[in-house]
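Peer 1: structure, please.
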Amino acid sequence: MSTTDFPPCGWNAFSGLQYLQAVQFAPPPSNCQVGLVCSPPAATCTCPPPVPPPGGFWVTGPPPPPAPPPQPLPKPAGFAAPKFSPPPGVNFIPPKNVSTLFIFTEVGPPKKDGSLKFQPWQIDSTKTVQDILEHLGKGEDRWSLVEYHELGDGNWNQGITVGYKDERAKKGISKFGWTPRRGGMLPPVWLATETE
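Peer 2: Numbering: from 1, shown residues only. Below you'll find the model as predicted:
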């Protein structure tokens, strides 16, 4: 049954009491006449408030306001969304493989005091170390990209170093193991820029 078929005795839609029930109401108290509706409740309507139905409950007043929509999660500090978008009417084929690299914003190895400042980058896996250093404004022979492996408790282990002038700096970053699997199935790639 619904609220239009059978309001509990002495109560109706104008009484200020709202019924919250998914399927059906409990039967009226035994001393009430079926279908008796008082508008507004009068002295002749002597039924006590009905017992809430199983799984339901009574509330007074208007229904509660709807829950606010969920807020989007804040972006991590230093996060920058990709800024490239092709001009209107121009199609774009994105890179097949994109690697996520976490590059420290301060020159030199990561600090052991836990105050890490870095920026995540998503880079086409075919880009070279020279491409990355040039994009960071460090496209000179004295600069290098150095990989670090996080050991925990502020400790880091130095990995491979690739200098701008090295012949291997002209190879794609996936050749160094900096593939899309890093940061997911494998540990993330942490890189620092260092000078000779």
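Peer 1: helix/strand/coil for residue 131?
Peer 2: For residue 131, the secondary-structure state derived from DSSP: H, G, I helix; E, B strand; the rest coil is helix.
Peer 1: measure it to residue 69 for me?
Peer 2: Distance of residue 131 to residue 69, given as C-beta to C-beta, to the nearest Å: 41 Å. Backbone N, C-alpha and C define where each C-beta goes, glycine included.
Peer 1: next: residue 135.
Peer 2: 37 Å.
Peer 1: again with residue 192
Peer 2: In terms of C-beta to C-beta, residue 192 sits 40 Å off from residue 69.
Peer 1: the two: which has the busier surroundings?
Peer 2: Neighbour count, other C-beta atoms under 10 Å: between residue 192 and residue 69, residue 192 has more, with 22 against 6.
Peer 1: what's whichever strand or helix holds the more buried one packed up against?
Peer 2: Using DSSP states H and E, residue 192 falls within strand 189-195. On a contact count with 3 or more C-beta pairs under 8 Å, 6 or more residues apart in numbering; DSSP states H and E, strand 189-195 meets strand 98-104, strand 143-152.
Peer 1: quick one, which of these is packed in tightest?
Peer 2: Greatest average neighbour count among the helices and strands packed on strand 189-195 goes to strand 98-104 (a mean of 19), per mean count of other C-beta atoms under 10 Å.
Peer 1: what are the C-alpha coordinates of the very next helix or strand once past that one, in PDB please?
Peer 2: Going down the chain from strand 98-104, the next helix or strand is strand 118-124, by DSSP H and E. Extracted C-alpha coordinates of strand 118-124, given in PDB (Å, rounded to 0.1, in the frame of the first residue of the first chain):
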ATOM      1  CA  PHE A 118      59.000  17.600  -6.500                       C
ATOM      2  CA  GLN A 119      56.800  17.800  -9.600                       C
ATOM      3  CA  PRO A 120      55.100  14.800 -11.300                       C
ATOM      4  CA  TRP A 121      55.500  14.700 -15.100                       C
ATOM      5  CA  GLN A 122      53.800  12.500 -17.600                       C
ATOM      6  CA  ILE A 123      56.200  12.100 -20.500                       C
ATOM      7  CA  ASP A 124      56.100  10.200 -23.800                       C
END
